[in-house]
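Undergrad: only geometry, no sequence info:
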Ligand code: B12
């Protein structure tokens, strides 16, 4: 089960943070937990419940009446009203289940045959977002929940990384486009999203410097001073504690920002939005927004040549 901080919940549900706080105080519907940093963490169920409430209010319902139904009843109704998955989701869903079933007991041959076969017949970007990233998420979740051991998680992660690297290597070496550095911050081992971002930049003709997980800020700054990128993208899947986040943003502002335009993305970045905004560091909210940013960069780099 994922957990989400309040501004992400606001984004996912279309409700303002104030409304969420008021409802939480007034009605006994939400069950946020407190992280080590004392921030509230909301579960996927909280998000589903709030989405359902928002839909009902938009359709003319009243929060007073709805709240009387209680959390469990509302969650049941939310589940029943959830949109049906599309045919494509179903196809990938079945494939994902088959792949996961080969992990315990571990059957490498079937896993690789199924994964290679599927990735070969689907356009790569579709395979990336429909199969590889969800597979990463699910296998990571199985590990977090104690259902597969870390060796199996690492094996699957490496299989996924190989697929993305091999798709990137089939693209011609970019000699001219915008220069983009892609990295994860210090201590960040969740690197699949950064790799997906790097692929996205490569496909759109950028010259990509992919640095992967756990990059010290001083080394990143050094590289930026040498390469002079048009953009440095940093992926933050993990939310950092307040102290660490403040220190990190200070380092980025002092060391990297003078050498490159910097933008950050990922759930952790969204959680730390206030800090980044204060430091005037751009936040890329989604892959669609990234595409627009890259289009603009490409146009600028073409107009310079
Ligand atoms: C796989 C996984 C791991 C793997 C990572 C393997 C790897 N090489 O990447 C391993 C097993 C190593 C791992 C370790 C840990 N993990 Co982990 N992990 C996950 C899991 C299940 C999936 C993450 C993932 O790869 N998802 C798929 C990718 C594609 O999604 P994503 O990273 O979220 O990125 C998406 C967006 O954020 C966005 N995005 C990200 N970056 C960028 C950048 C730009 C520019 C853009 C546009 C978009 C973008 O795009 C992606 C697609 O939508 C998540 C739970 C979950 N369901 O998300 C937990 C999760 C991220 N892990 C978590 C934790 C706590 C840990 C550990 C601390 C656990 C521990 N006790 O050791 C360690 C930390 C290691 C470290 N120091 O970084 C927490 C983080 C909590 C938080 N509040 O931040 C999560 C959310 C689980 C949870 N609910 O508690 N993990």
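TA: Yep, it's here. Predicted model only: the values in this text are computed from it and were never measured.

Undergrad: For the residue nearest in space to the middle of the chain, give its distance to the ligand.
TA: What sits nearest the mean C-alpha location of the chain, by CA atoms, centre = their mean, is residue 266, with 4.4 Å. The spacing between residue 266 and the ligand, counted by CB to the nearest ligand atom, to the nearest Å, is 3 Å. Where you see a C-beta, it was placed from the backbone N, CA and C, and this is true even at glycine.

Undergrad: Then residue 93?
TA: Using CB to the nearest ligand atom, we find residue 93 at a distance of 16 Å from the ligand.

Undergrad: do the same with residue 279
TA: 17 Å.

Undergrad: do residue 236 as well
TA: 6 Å.

Undergrad: Leaving out sequence neighbours, find the closest residue to that residue.
TA: Computed as CB to CB, 6 or more residues apart in numbering, the closest residue to residue 236 that is not its neighbour in sequence is residue 268, at 3.5 Å.

Undergrad: follow-up on the earlier one: can you pull the contacts of the residue nearest to the centre of the chain?
TA: 193, 235-237 (CB atoms under 8 Å, 6 or more residues apart in numbering).

Undergrad: which residue packs closest to it, ignoring adjacent ones?
TA: Nearest to residue 266 is residue 236, by CB to CB, 6+ apart, at 4.2 Å.

Undergrad: didn't the one you found look like it was pressed against residue 264?
TA: Yes - under the criterion of CB atoms under 8 Å, residue 236 makes contact with residue 264 at 5.7 Å.

Undergrad: Tell me which of these two has more neighbours.
TA: residue 236 (25 against 22; other CB atoms under 10 Å).

Undergrad: Show the pLDDT at that one.
TA: Predicted confidence (pLDDT) for residue 236: 95.

Undergrad: So what does it have for phi and psi?
TA: phi -120, psi 80 (degrees, to the nearest 10).

Undergrad: lowest confidence element among the helices and strands of this protein?
TA: Confidence across the helices and strands of the chain bottoms out at strand 3-4, with a mean of 76, counting by mean pLDDT, DSSP states H and E.

Undergrad: where exactly do the strands run in the protein?
TA: With strands called from DSSP state E, the chain shows them at 3-4, 33-34, 40-43, 179-183, 207-212, 231-235, 262-265, 282-284.

Undergrad: okay if I get these as TSV plus distance to residue 141?
TA: Putting these into TSV (distance: least, CB to CB, whole Å) gives the following:
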stretch	distance to residue 141
strand 3-4	12
strand 33-34	17
strand 40-43	13
strand 179-183	24
strand 207-212	22
strand 231-235	19
strand 262-265	21
strand 282-284	24
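
Undergrad: comparing those strands, which gets the lowest mean pLDDT score?
TA: strand 3-4 (a mean of 76).

Undergrad: Next up, the contacts around the residue in the stretch 101-250 of the chain that the ligand sits nearest to.
TA: Closest contact between the stretch 101-250 of the chain and the ligand, by CB to the nearest ligand atom, is at residue 140 (2.1 Å). Residue 140 makes contact with 153, 157 under the criterion CB under 8 Å, 6+ apart.
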